[in-house]
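Enquirer: Build me a model:
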Amino acid sequence: MKTLPPLLAKLCLPALALPLAFTASAAEPAKRPNILLIVADDLGYTDLGAYGAEIATPNLDQLASTGVKMTSFYASPFCSPTRAMLMSGSDNHLVGFGDMAELITPEQKGKPGYEGNLNERVVPMAQVLKDAGYRTAMAGKWHLGVAEQFSPAARGFEQSYAMVMGGASHWGDQTGIVAMDPAKPPKAIYRENGKAIDIPRDGFYSSEAFTDKLLEYIRNGEGSGKPFFGYLAFTAPHWPLHAPDADIARYEGRYKEGYDKLRKERIERMKKLGLIAADTPVYEGHPNWPKWDSLTPAQKESEARRMTVYAAMIENMDRQIGRVLAYLKERGELDNTFVFFMSDNGADGNSVYDVGRTREWIHKDMDNSTANIGKPGSFIEYGPGWAQVGMSPFKLYKSFMYEGGISVPAIAWGPGIHGGSVKREFAHVMDVAPTIFELAGARHPGTEYNGREVLPLRGKSMLPYLQGKAKQVRGKDDAVGWELGGRKALRKGDWKIVYANQPWGTGDWELYNIARDRTESRNLAASQPAKLKEMLAEWKRYVAETGTLEIDNLANRPGYSNGAKYYEDLEIEVNMKPRSAAPATN
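Expert: Numbers count the residues shown, from 1 in each chain. This is a model prediction of the structure:
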């Protein structure tokens, strides 16, 4: 990675520095605000200090304590559908991601809303803001289309540095994550301004590189007189788990006591922070997965090391966010910048080993011995044990429609935002685009753009809610649905229905009162048949409005979230002998 200019180098926060002193201004901005949209990848609900973690996240904690911390913000249970809704303000089934592009089935292929890229019915957020006079830039994970014609450069971003796929090594080897042939290692595709590039092999670490680029883009446009829209889309802490040695060292030994101990610690912090009530039931893990005490010493050592690297990735990401905030403060722009931070889905307890022939490739080519975890040449996943802790007190994790799959941390900070508040009402990732448009004075074109028919916004502006001028974003009769891979949910007011295949769920619709039972511990489907019927009628309306395809047995498709072989792979990997000394990653 190239050396930072002296000004930026001076502003970078050291690893253990205190966060910047800043407070969100309740005053309306004197000029149109800059927009900084930050997305973490697979970050769990409790993985920030402000949400109960032991992980050092001083910059995000400062944003949360002086801005607005949201406790009922929802995304999709998978990354690309969330990003599609974020960029469009509409439902994933309408905008091209009715399913993950990598998992499209023959029954879905070619159907409207299942294109596997952000389709032409969308006027993306960046395009709307560009048309309104903003300079637009992004760095990080795109995952809304691999080809150049679907890249950020074609969707409104004037400058972009994007890893366009679902995941990749965080080092400069440019290794991808899914192998269809174990003899052909997958390669991640990076594009700068739409054109394919090779990233530097040496000195590259994803969180640092993406931040470098966004700062470069912001700096380059400062003479234009235009406000900026910056989209910083980290791939951290998405697997494969990789972090610099110095960051890993700060968590050495921290996780040796395992899942249950960490869950209890985080739950106690959440109670002290007022995030959950003292009597909240806690989901302590699916019976399909073993408890910590049943693991062998070697398995415990490997698992503890995995969580150590995961924590290091999050601290490093927070430090990069601090660099951006420091630069904006130095330039006198921070007070006129609206910052929105979120995760794209729940923590990931699934396994990509089960996709294609990835397992064969990893076991053949990767050194996943415990000593090499987190270093170049390793390919380590987070696993269901830690993921269930990361989503405490909620049920399950990424890929499921239970709260653990779709509840994510979200923080808003900036002009007009009343600082230090906790917002507990329902809001959704579709609401981010209309919020930003209202704040920026930008107008979505509605149903027609440049002579073609386009989708109107389905989301609602959160701005009055964030500013304390409204009690909620949606009315009690508004219904919001989810579907992905045959798993389903719908929320209306305090009520929610969920469908998950066995053994993860009942294999039938379940009914919960989320206001009273957010951990989904009491299924009321049998005792409240009238309410279930009402909710199912809303579900049918949602399916009709969005073109959602309901395919029999889709939720049971083999692979990723149904493989359930994580601990079998763990046992193979703890018995690996190191292949060679990995280079230092400081």
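Enquirer: mind listing what's buried in stretch 126-143?
Expert: Buried positions in stretch 126-143, judged by neighbour count with 16 or more other CB atoms under 10 Å: 126-132, 134-143. From N, CA and C alone the C-beta is placed, and that goes for glycine too.
Enquirer: I meant stretch 211-226, not that one.
Expert: Quick answer for stretch 211-226 (16+ other CB under 10 Å): 211-218, 221, 226.
Enquirer: got any ranges where the stretch 251-400 of the chain has weak pLDDT?
Expert: Residues of the stretch 251-400 of the chain meeting the criterion pLDDT under 70: none.
Enquirer: Show me where it has its helices.
Expert: Per DSSP state H, counting those that start in this stretch, the stretch 251-400 of the chain carries helices over the ranges 259-272, 297-330, 358-365, 384-390.
Enquirer: The stretch 51-200 of the chain too?
Expert: Remark: helices assigned in the stretch 51-200 of the chain by DSSP H, counting those that start in this stretch are 58-66, 79-88, 92-95, 125-131.
Enquirer: Output the last one as CSV, restricted to C-alpha atoms.
Expert: Only the C-alpha atoms of helix 125-131 are listed here, as CSV (Å, rounded to 0.1, in the frame of the first residue of the first chain):
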residue,chain,number,x,y,z
MET,A,125,-28.7,6.4,-4.6
ALA,A,126,-25.4,7.6,-6.1
GLN,A,127,-27.1,8.6,-9.4
VAL,A,128,-29.8,10.6,-7.6
LEU,A,129,-27.2,12.4,-5.5
LYS,A,130,-25.0,13.0,-8.6
ASP,A,131,-27.9,14.5,-10.5
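Enquirer: Contacts for that helix next, please.
Expert: With CB atoms under 8 Å, 6 or more residues apart in numbering as the test, helix 125-131 has contacts from 35, 86-89, 136, 138, 152, 155-158, 229, 231, 433, 436-437, 440, 442-445.
Enquirer: If any of those residues are buried, put those into a PyMOL selection.
Expert: Selection of buried members from those for PyMOL, criterion 16+ other CB under 10 Å:
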select buried, resi 35+86+87+88+89+136+138+152+155+156+157+158+229+231+433+436+437+440+442+444
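Enquirer: Inside strands: which ones of the contacts of helix 125-131?
Expert: Judged by DSSP state E, these include 35, 136, 138, 229, 231 as members of strands.
Enquirer: Quick check: which element contains the residue lying closest to Ile380 once chain neighbours are set aside?
Expert: Spatial nearest neighbour of Ile380, excluding adjacent residues (CB to CB, 6 or more residues apart in numbering): Leu241 at 4.6 Å. If you go by DSSP states H and E, Leu241 is not part of any helix or strand.
Enquirer: how many neighbours does Leu241 have?
Expert: 26 (other CB atoms under 10 Å).
Enquirer: give me the low-pLDDT residue ranges for this structure?
Expert: 1-21, 25-30, 580-586.
Enquirer: make it 90
Expert: Residue ranges of the chain with pLDDT under 90: 1-31, 416, 418-421, 476, 576-586.
Enquirer: so who does Arg191 touch?
Expert: 142, 148, 151-153, 160-162, 164, 197.
Enquirer: swap in Gly446?
Expert: Taking CB under 8 Å, 6+ apart, one finds 454, 456 in contact with Gly446.
Enquirer: roughly how far apart are it and Val123?
Expert: Separation of Gly446 from Val123 (CB to CB, to the nearest Å): 9 Å.
Enquirer: just to revisit the earlier point, where helices are concerned, which of the buried residues of stretch 211-226 count?
Expert: Among the buried residues of stretch 211-226, the ones falling in helices (DSSP state H) are 211-218.
Enquirer: picking that back up, columns distance to Leu570 on top of the helices of the stretch 251-400 of the chain, output as JSON lines?
Expert: Formatted as JSON lines, the entries for those read as follows, by distance: least, CB to CB, whole Å:
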{"stretch": "helix 259-272", "distance to Leu570": "13"}
{"stretch": "helix 297-330", "distance to Leu570": "6"}
{"stretch": "helix 358-365", "distance to Leu570": "12"}
{"stretch": "helix 384-390", "distance to Leu570": "10"}
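Enquirer: Need the winner for burial among those helices.
Expert: helix 384-390 (a mean of 27; mean count of other CB atoms under 10 Å).
Enquirer: quick one: which of the buried residues of stretch 211-226 is nearest to Ile189?
Expert: Distance to Ile189, by CB to CB, is smallest for Lys213 among those, at 16.1 Å.
Enquirer: Against Phe204, how distant is the closest one?
Expert: Using CB to CB, we find Lys213 at a distance of 11 Å from Phe204.
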